[in-house]
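> Would you be able to build a 3D model of this:
(2 chains)
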Amino acid sequence: MARFLVPLLIFLVLVGFLWKGLSRDPREVPSPLVGKPAPAFQLPRLDAPDKTFSPADMRGQVWLLNVWASWCVSCREEHPVLVNLAQSRDVPIIGLNYKDQRPDALAWLDRFGNPYRVSVSDADGRVGIDYGVYGVPETYVIDRAGIIRMKHIGPVTPEVLDAKILPLVAELSK
Amino acid sequence: MKRLFLALLLALVFAPLHAKEAVPVAEDPVLEARLNRLAKELRCLVCQNESLADSQADLAADLRREIREMMRQGKSDGEITRYLTARYGDFVLYRPPVKPTTWLLWFGPFLLAGAAIAGFIYFLARRRRSLPDAPLSPEEEARVQALLGKSPQEPRS
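Down below sits the predicted model:
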């Protein structure tokens, strides 16, 4: 009996590992920035390039930083979710317009709606690098003290929003 | 008409020439060689099976630009990899550092090999114990002696 049981057990363990490996998304790389202060920056606003915005302006508030671009296809997918969120909930969304052309970005917002309290232009992608951006769209949840609490890579879906982002925002806003 | 055709033809011939902007050739070959060496050890996050040196992704080009700049500022390779791991995690390193969370990764194969050798030794020991000790009868003994050539009457070929 044992001579069949042992190979069977080894086989099952192997299947378990492979199964887990298959169900994981290799594009999701855990960010070392979670739990660390959001990197500081000072960037021109998309709507008014003569004015700047810095994460320090958001001290005392729980907010979302959403990295987007007009050239990014998945951003279009998540955009209605963000627009909806901006209308229904009082959680400020700041947009980081990543490696984009200003006219394109403005036209994009005109066309699809603007869920952002402020969008800033990161034309050369330097701030994106500081935030460890590697696949637009990405969304960060930042707490009152300016600490990154969560990073979501890829489009924000209603499921992710309801299951992960909003509960975290609610908890942080207490 | 002929002229227009010729112009179009020429335009077509030369079109690919400016299809892609020329990649700026480095002014400093020593620095570029160092960049290449370091970037080969770093993984591009966009196309995960390519190194930062080989990747054509936008982000890889940006990161190479950052690394180039840091090298110009006299930063060491260690400082540069620390800069990258602080942002992207150990995932960017093709050689993950040895630390408690990666012990299993580094030493797991040795652990598995050790377990396999131990299992094999255990199997051999058990097999030896389970084989019955069968002594030879006197006739068999004589035959063995004969076959081994101890007997003078056995002809040799």
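> where in chain A is pLDDT low?
Of all residues in chain A, those with pLDDT under 70 make up the ranges A:1.
> again, only using 90
For chain A, residues meeting the criterion pLDDT under 90 lie at A:1-7, A:21-32, A:88-90, A:124, A:134-136, A:173-174.
> in it, which spans are helices?
A:2-23, A:73-88, A:102-112, A:126-130, A:158-160, A:166-173 (DSSP state H).
> what about the residue in chain B that chain A sits nearest to, how many neighbours?
Using Cβ to the nearest Cβ, the point where chain B gets nearest to chain A is B:L45, with a distance of 3.7 Å. All C-beta atoms are positioned from the backbone trio N, CA, C, and that covers glycine. B:L45 has 24 neighbours, counted by other Cβ atoms under 10 Å in any protein chain shown.
> which ones are touching it?
Taking Cβ atoms under 8 Å, 6 or more residues apart in numbering or on different chains as the definition of contact, the neighbours of B:L45 are A:29, A:134-135, B:59, B:88, B:91-92.
> that older thread, any idea which of the helices of chain A is most buried?
For those, ranked by mean neighbour count under the definition mean count of other Cβ atoms under 10 Å in any protein chain shown, the leader is helix A:126-130 at a mean of 19.
> how about it, does it reach chain B?
Yes. Helix A:126-130 comes into contact with chain B (Cβ under 8 Å from any Cβ of the partner chain), by way of A:126, A:129-130.
> Can you add distance to A:D162 and give those residues back as JSON lines?
Putting the residues of helix A:126-130 next to chain B into JSON lines (distance: Cβ to Cβ, whole Å) gives the following:
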{"residue": "A:R126", "distance to A:D162": "33"}
{"residue": "A:I129", "distance to A:D162": "31"}
{"residue": "A:D130", "distance to A:D162": "29"}
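> correct me, but A:S173 touches A:W63?
No. In this structure A:S173 lies outside contact range of A:W63 using Cβ atoms under 8 Å: 10.3 Å.
> Now for the two: what residues contact both?
Applying Cβ under 8 Å, 6+ apart, one finds that A:S173 and A:W63 are jointly contacted by A:V91.
> what separates stretch B:42-60 from the chain centre, distance-wise?
Taking Cα atoms, centre = their mean, to the nearest Å, the mean C-alpha location of stretch B:42-60 is offset from the chain mean by 16 Å.
> Restrict stretch B:127-147 to CA atoms and write it as PDB.
Coordinates of the C-alpha atoms in stretch B:127-147 are reproduced here as PDB (Å, rounded to 0.1, in the frame of the first residue of the first chain):
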ATOM      1  CA  ARG B 127      17.300  -4.400   0.100                       C
ATOM      2  CA  ARG B 128      20.500  -5.900   1.400                       C
ATOM      3  CA  ARG B 129      18.700  -7.000   4.600                       C
ATOM      4  CA  SER B 130      15.800  -8.500   2.700                       C
ATOM      5  CA  LEU B 131      18.000 -10.600   0.300                       C
ATOM      6  CA  PRO B 132      18.200 -14.100   1.800                       C
ATOM      7  CA  ASP B 133      21.700 -15.500   2.500                       C
ATOM      8  CA  ALA B 134      21.800 -18.700   0.300                       C
ATOM      9  CA  PRO B 135      24.900 -20.900   1.000                       C
ATOM     10  CA  LEU B 136      26.100 -23.100  -1.900                       C
ATOM     11  CA  SER B 137      25.800 -26.800  -1.900                       C
ATOM     12  CA  PRO B 138      29.100 -28.900  -2.200                       C
ATOM     13  CA  GLU B 139      28.300 -29.600  -5.900                       C
ATOM     14  CA  GLU B 140      27.800 -26.000  -6.700                       C
ATOM     15  CA  GLU B 141      31.000 -25.100  -4.900                       C
ATOM     16  CA  ALA B 142      32.900 -27.600  -7.000                       C
ATOM     17  CA  ARG B 143      31.300 -26.200 -10.200                       C
ATOM     18  CA  VAL B 144      32.300 -22.700  -9.200                       C
ATOM     19  CA  GLN B 145      35.800 -23.800  -8.700                       C
ATOM     20  CA  ALA B 146      35.800 -25.600 -12.100                       C
ATOM     21  CA  LEU B 147      34.400 -22.500 -13.900                       C
END
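> The closest residue to A:L161 other than its chain neighbours and B:R37: what is the separation?
What sits nearest to A:L161 in space, not counting adjacent residues and going by Cβ to Cβ, 6 or more residues apart in numbering or on different chains, is A:V81, at 6.1 Å. In this view, A:V81 and B:R37 are 44 Å apart by Cβ to Cβ, to the nearest Å.
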